[in-house]
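> sharing a model prediction with you, sequence too.
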Amino acid sequence: MQRLKRYLQVIWLPLILVIIFVIQTWAFNYWFGITPGLYLYRLIIVSLSLGIALYGPSLLFRKHSRFIYLFIISFCISALFIAQFLYFSYAGAFLQISALAYAGLATTLTGTIFTLLTPKLFIFLINIVLLILALILISKKKYIEITLSKKEKIIAILIIILITVGGYWFVLRLEKKEWGSTSRLYTDVYDLNTLVGKLGIINFTFEDGLKYLLRSNKVTASDVDFLKQWSQGRINSTSTERYFGLAKNRNVIIIQIESMENAVINQQTNGQEITPNLNQLAKEGLYFDNFYAQVGPGNTADAEFAITNSLYPLPDDVAFVNYAHNDYDALPKLLNNNNYHTYALHGDVPTFWNRSSIYPGLGYQKMFSKNDYQESRVVGVGFAGLGDEDFFSQSLPRLEKLVQPFLATLITLSSHTPFELPKDLQTLTLPNPTNLNWLQQQYLESVHYTDKALGEFIYQLKQTNLYDNSIIIIYGDHQSYTDISDAIGYNKNIFPGLSNDGRVPLIILAPGTDLQGTTSTPASQIDLYPTIANLLGIVPPKSILGQDIFNTKTPVAVRRNVITGTINIILASNLAYKYSESGIYENGQCFELPSRKPLPIDNCRELYNQQQNTLRASDIVVRGNLLGLLK
Ligand code: GP9
Ligand code: MN
């Protein structure tokens, strides 16, 4: 009993501080609507662990130093809570260390900070108030403070370690059970909202800081030298011969379609067109049937990254998440500087893929997210998000109200894996029996549904005066990962041995112009930026890596291994290179195009080295925030 009383004398203060910490963590999430019920359990356990790890070591100090320690920790925690709270209220995004390092919080928040202050912030200061009260009690000798013995300290350390490690281990185990891996907590982070929902904002801040430190040495001095040299040796082959300014001052409507593969375009199943509307649009506008996605682990976000920056997405990291605060010369920014108003529209939560964090830096002035749409019916069975019919039908009146000229990037969602639609929305009659597996069947149904929603949107758009006054760019974000191209026999028609994965449709509609027909020029998502800029009669910055598809004399599409980052395939106008499993250049194959005649491997060497260097330069730029060296 005596002993318990003795321990209580030292434990009570850090213990209450830990409980306050858990409440503060929960309150932060609650106020921003972040706590999904499912993860509440995780959130409490993991914030208890962190609270104990932070406040627990105070037990090891003597009386006065213990107070100093608790004050320092409390100040840091409160400061982080408040900074994150203000930033989220302001930007609808979580504050990342890279934002402080590159952009400077001061510049972003000054001016608005007073408007963001709310009594809620007081909850993040309760720990400090408690410490002040405790200090007053001690100075009035209202309770006696003791110092633990050496043996007691060792036991305290062990208990702190045990609880902390135990808590994190428990959460990691739950994650593993749920997702088969724990990587969604650190590498495969899709939605920072969910991450904060599970771990709490302080855990998130620490994790983000740690990751920032770990990747800060990824660019070496020799990388920087390489980049400088590479940049100096770049040949400016930009010409504006074809179509420069063809769509000057027109609105730009970009439609990025989820998982839309080129394999389904102009294909039928059971006598029914899979994507009748896209097929029709491909006839009305200019259709690119040799266009490739460039995505890495960031999938949709990587497609957005490639399109807006004309840089290659990283093979091993998600630029939208971990390089969100780099300096970018993005397309929306360029258009914004040329009198355009810039908008992004998407039916998911704003924090998914960290969009709300990176969009302002890319130059988007406003983002419309799930919060701005009404969900008239749930469409995605396996993936929550707004149905494409709701998305398109509600986007149109919104576009009509925008100040012109505008750039509006619409990103669809319904045809997202696992592609499952409610029965009545599955309007494609698949053959019975079919050689397609369940996922492939769902995939065809879902792209058929999306195609219908898109067709309706374009039809309605044509009824407004926006249509003739715009250029519309439609493309798929990435492959569907369903092997659909093999299953529907599409691969037979293309380059032998060259996997069709990643070939996505691109259609450019410029009503009233001669942009029509089909082109098989090899190109990829990084080429869209300069191509759009050329059509608008705007000269893009030197820092972009893609080429204007209409004017380049050296068109190329390079595909790389998502994990190793090495080159898989290069398609140029007269040459193609295909890698070998060994990863050794000489073991690959070189072909002449369009004859597809095998050539000695040395014929592809120059092309290979060029592409290898471009990829390396792109990665260094992103990892080192070094866009300035390309100018
Ligand atoms: C989420 C959506 C899907 O907002 O864009 O992303 P994905 O899973 O395809 O990367
Ligand atoms: Mn996607």
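All right, it came through fine. Ligands and ions are numbered 1, 2, ... in the order given.

> next, count neighbours for the residue of the chain at minimum distance from ligand 1.
Using C-beta to the nearest ligand atom, the closest approach of the chain to ligand 1 is made by N299 at 2.9 Å. Yep, even glycine has a C-beta here, placed from its N, CA and C like the rest. Applying other C-beta atoms under 10 Å, we find 24 residues neighbouring N299.

> begin at 24 from here
From this message on, residue numbering opens at 24, which makes the last subject N322.

> can you tell me the closest non-neighbouring residue to it?
Of all residues not flanking N322 in the chain, H501 sits nearest, at 5.7 Å (C-beta to C-beta, 6 or more residues apart in numbering).

> from V152, how far out is the residue in the stretch 324-473 of the chain positioned nearest to ligand 2?
In the stretch 324-473 of the chain, the residue that lies nearest ligand 2 is H439 (6.2 Å; C-beta to the ion). H439 is 47 Å from V152, where distance means C-beta to C-beta, to the nearest Å.

> T544 now?
Taken as C-beta to C-beta, the span from T544 to V152 is 67 Å.

> quick one on the thing from earlier: how about the residue nearest to N322, what does it touch?
282, 316, 318, 322-323, 325-326, 525, 527 (C-beta atoms under 8 Å, 6 or more residues apart in numbering).

> dump those residues to TSV, plus secondary structure and pLDDT.
Output for those, formatted as TSV (DSSP: H, G, I helix; E, B strand; the rest coil; pLDDT from 0 to 100):
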residue	secondary structure	pLDDT
S282	coil	96
A316	coil	95
V318	coil	92
N322	helix	93
T323	helix	96
D325	helix	97
A326	helix	98
G525	coil	86
V527	coil	96
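
> sorry, back to before: and the residue nearest to N322, helix, strand or coil?
Classification of H501 using DSSP: H, G, I helix; E, B strand; the rest coil returns coil.

> what count of nearby residues applies to Q252?
Residues near Q252, counting by other C-beta under 10 Å: 11.

> which SSE is it in?
For Q252, the enclosing helix or strand under DSSP states H and E is helix 244-255.

> and that helix, what's buried?
For helix 244-255, the neighbour count (16 or more other C-beta atoms under 10 Å) marks 246, 250, 253-254 as buried.

> repeat for stretch 481-501
Quick answer for stretch 481-501 (16+ other C-beta under 10 Å): 481, 483-484, 489-490, 493-501.

> if you look at that stretch, does any of it touch ligand 2?
Yes: under the criterion of C-beta under 5 Å from the ion, stretch 481-501 makes contact with ligand 2 via D500.

> how distant is that stretch from the center of its chain?
Relative to its chain's centre, stretch 481-501 lies at 25 Å (C-alpha atoms, centre = their mean, to the nearest Å).

> first-to-last residue distance for that stretch?
22 Å (C-alpha to C-alpha, to the nearest Å).

> for that stretch, the averaged confidence score.
When pLDDT is averaged over stretch 481-501, the result is 97.

> how about the helices in the stretch 74-223 of the chain?
For the stretch 74-223 of the chain, the helices defined by DSSP state H, counting those that start in this stretch cover 86-114, 120-121, 128-132, 136-139, 149-162, 173-202, 215-222.

> please apply the same query to the stretch 474-623 of the chain.
Listed in chain order, the helices found in the stretch 474-623 of the chain under DSSP H, counting those that start in this stretch are 507-510, 551-559.

> now L82. Nearest residue, chain neighbours left out?
L82's closest residue in space is A179 (C-beta to C-beta, 6+ apart), at 4.5 Å.

> wait, that neighbour sits on I75?
No: using C-beta atoms under 8 Å, A179 is not in contact with I75, being 10.6 Å away.

> interface residues of the stretch 224-373 of the chain facing ligand 1?
281, 322-323, 371 (C-beta under 6 Å from any ligand atom).

> Three-state assignment for L304, please.
Taken by three-state DSSP, the conformation at L304 corresponds to helix.

> ok, it to W54 distance?
Between L304 and W54 the computed distance is 44 Å (C-beta to C-beta).

> those two: who's more crowded?
Between L304 and W54, counted using other C-beta under 10 Å, the more crowded position is L304 (22 against 15).
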